[in-house]
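> got a predicted structure plus its sequence, pasted below:
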Amino acid sequence: MTIKYIPFALTRRKLLAAAAATATTLAMPAIAQTRRKIGISYGIATLDSSADAVYASIPISFGFYAEEGLDVEIMPVAGAQLATNLMVSGQASAMVTGAGGIFGGRSNGIPVVGFMCPIPDNYQSVAVLKDGPIKSFADMKGQTIGTNSPALIPTIEMIVRAQGWDPKDVPVLVVGSSLPALDALQRGRVQALFLWDAVYALFETNGAQLNYFLPEPLRRIGYSQANSTLASTVEKEPELIEKIARAMAKSIVVMAAAEPAELTKLHFQTFPASRPNGLSEQHLIDLDGRRLAARKQFMRLQQRVFDRTEKIGDVSDEAIEFAATVMFEGKAIKEVLPASAYFTRQFVPAMNDFDVAPIIARARAFRA
């Protein structure tokens, strides 16, 4: 198991050494020594929360990738475009990004297709300072919204148009997704933020008091995050994508059943260089616990893991097509294609083809 940060070369050596030192965090089943080395690109430049553990620390440390014969290198980068570039160049076999990376890739002639949707419900919202003058989204006309990437601008413009306004009435400023974004809000560079669950949990842990808005039609956007690959990989190496998807599906079960504090400990044992500086163990557990709790409420874990009334990783055509329409109306893509162009269910049966009960039991008993 290795981890590579791109393009953060100064951090990479430290991360590689730390990851090698913690590769035996958990006792793993006997697995053949020869495993295929692959990369998975991740469209966020840090791995600083167990809210993202289903792609990284859980399948690595619980041995789910290894059980599938894979030696996975996690490759965090700043945004979907860079994550896509790593796939196109052959350095990554799959990527984890917002679904905007899939829509944008397709629109630009890159045949990216989703194969798994771990977060089926919308986890993005508009946030403002609780003691500020903005009390509803109706007060946002003439104000500036900050977000982390140009990929989210079409969604913001869709919300603005739904109010009957011109997108020019609500300028957008890219401010990142960590504490600099909160600083921009508190200093008045922006009057609102459009980010997501785990980021807001970080802000609240750092003392921010925020109000959240879900203006229409934001509640109806469900395909906002997905794991994807190139269509050529689906065609030529379907067994590889099946293995990746099943390892991640098992990790979703672990996330649903394990004690949150133990997942926090595991995550930073696996990626110690990602641990925030200057935090006590308890402060770190509190912070990361908030982020994980914020993420889990949008993953439909009760239905998918415990009740088994829904398939892990699936998403409806309606949700996909609505998200594509949002991108089209925001002029981020040239046309709306059928849902099958953006997501394949080819791997949904295989990624759910395992016994859930033993993994739940193992997760509940797990101590980092």
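Arrived safely, thanks for sending.

> who are the contact partners of the closest residue to I244 other than its chain neighbours?
Computed as Cβ to Cβ, 6 or more residues apart in numbering, the closest residue to I244 that is not its neighbour in sequence is A94, at 5.5 Å. Placement of C-beta: from N, CA and C, glycine included. Going by Cβ atoms under 8 Å, 6 or more residues apart in numbering, A94 touches I38, I40, S41, M87, F115, N227, S228, T229, T233, I241, I244.

> so the second one, which of the three states?
Think I40. When classified by DSSP: H, G, I helix; E, B strand; the rest coil, I40 comes out as strand.

> what's the neighbour count on it?
26 (other Cβ atoms under 10 Å).

> and if you look at the first one?
For I38, the tally of surrounding residues (other Cβ under 10 Å) stands at 18.

> grab the nearest non-local neighbour of it.
Nearest to I38 is S93, by Cβ to Cβ, 6+ apart, at 4.4 Å.

> the one you found contacts M75, doesn't it?
No: at 10.5 Å, S93 does not count as touching M75 under the criterion of Cβ atoms under 8 Å.

> need the overlap of contacts for these two.
With Cβ under 8 Å, 6+ apart as the test, S93 and M75 both reach G39, I40.

> phi, psi of the residue nearest to I244?
Main-chain torsions, A94, degrees, to the nearest 10: phi -150, psi 170.

> shaky segments in this structure?
1-33 (pLDDT under 70).

> by residue count, what's the longest helix in it?
helix 238-257 (DSSP state H).

> list the buried residues in it.
Using 16 or more other Cβ atoms under 10 Å as the burial criterion, the residues of helix 238-257 that qualify are 238, 240-257.

> please enumerate the strands of the stretch 1-150 of the chain.
Taking DSSP state E, counting those that start in this stretch as the criterion, the stretch 1-150 of the chain carries its strands at 2-3, 36-42, 70-76, 94-98, 112-116, 124-129, 145-147.

> helices or strands up against the fifth one?
Here strand 112-116 is seen to pack against helix 100-107, strand 225-230, helix 231-236, helix 238-257, helix 339-342 when contacts are counted using 3 or more Cβ pairs under 8 Å, 6 or more residues apart in numbering; DSSP states H and E.

> export it as CSV, just CAs?
Output in CSV follows, covering the C-alpha atoms of strand 112-116 (Å, rounded to 0.1, in the frame of the first residue of the first chain):
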residue,chain,number,x,y,z
VAL,A,112,-15.7,8.9,-18.1
VAL,A,113,-18.4,6.7,-16.6
GLY,A,114,-19.5,6.2,-13.0
PHE,A,115,-19.6,2.7,-11.6
MET,A,116,-20.5,3.4,-8.0
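
> just to revisit the earlier point, output the helices and strands packed on strand 112-116 in CSV; the columns should cover distance to D166.
Listed next are these as CSV, based on distance: least, Cβ to Cβ, whole Å:
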stretch, distance to D166
helix 100-107, 22
strand 225-230, 29
helix 231-236, 37
helix 238-257, 41
helix 339-342, 28
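
> S61 is nearest to which of these?
Judged by Cβ to Cβ, the one of the helices and strands packed on strand 112-116 that comes nearest to S61 is helix 238-257, at 9.7 Å.

> ok, then the element right after the longest helix of the chain?
Next helix or strand after helix 238-257 toward the C-terminus (DSSP states H and E): helix 260-270.

> closest to A339 out of the strands of the stretch 1-150 of the chain?
So among the strands of the stretch 1-150 of the chain, strand 112-116 is nearest, using Cβ to Cβ, at 9.8 Å.

> identify the residues contacting M116.
Here M116 is in contact with A226, N227, A245, M248, A249, G313, F347, V348, M351 (Cβ under 8 Å, 6+ apart).

> give me that answer again for 6 Å
Going by Cβ atoms under 6 Å, 6 or more residues apart in numbering, M116 touches N227, A245, G313.

> same check, this time on E237
Contacts of E237 (Cβ under 6 Å, 6+ apart): none.

> rerun that using 8 Å as the cut-off
E237 neighbours (Cβ under 8 Å, 6+ apart): S93.

> got it, and the one 10 residues further on?
Shown here is A247, whose contacts under the criterion Cβ under 8 Å, 6+ apart are P59, F64, Y65, E67, E68, L70.

> between these, which sits nearest A261?
The nearest one, if we look at the contacts of A247 relative to A261 and count by Cβ to Cβ, is P59, at 19.6 Å.

> and the gap between the closest one and D131?
42 Å (Cβ to Cβ, to the nearest Å).

> and M75, how far from I241?
17 Å.

> count of neighbours near S61?
27.

> please apply the same query to P59.
29.

> contacting residues for it?
Counting by Cβ under 8 Å, 6+ apart, the residues that P59 touches are Y65, V72, A247, M248, K250, S251.

> name the element I285 belongs to?
Going by DSSP H and E, I285 is in helix 281-296.

> flag every buried residue along that helix.
So helix 281-296, judged by 16+ other Cβ under 10 Å, has buried residues L284, I285, L287, D288, G289, R290, R291, L292, A294, R295, K296.

> so who does the third one touch?
By Cβ under 8 Å, 6+ apart, L287 lies in contact with A201, L202, T205, P276, L279.

> mind doing that once more with 10 Å?
With contact set as Cβ atoms under 10 Å, 6 or more residues apart in numbering, L287 has these partners: D48, S49, A201, L202, E204, T205, N206, T264, P276, L279.

> same deal with P217?
Contacts of P217 (Cβ under 10 Å, 6+ apart): N122, T155, M158, I159, R161, A162, F322, T325, V326.
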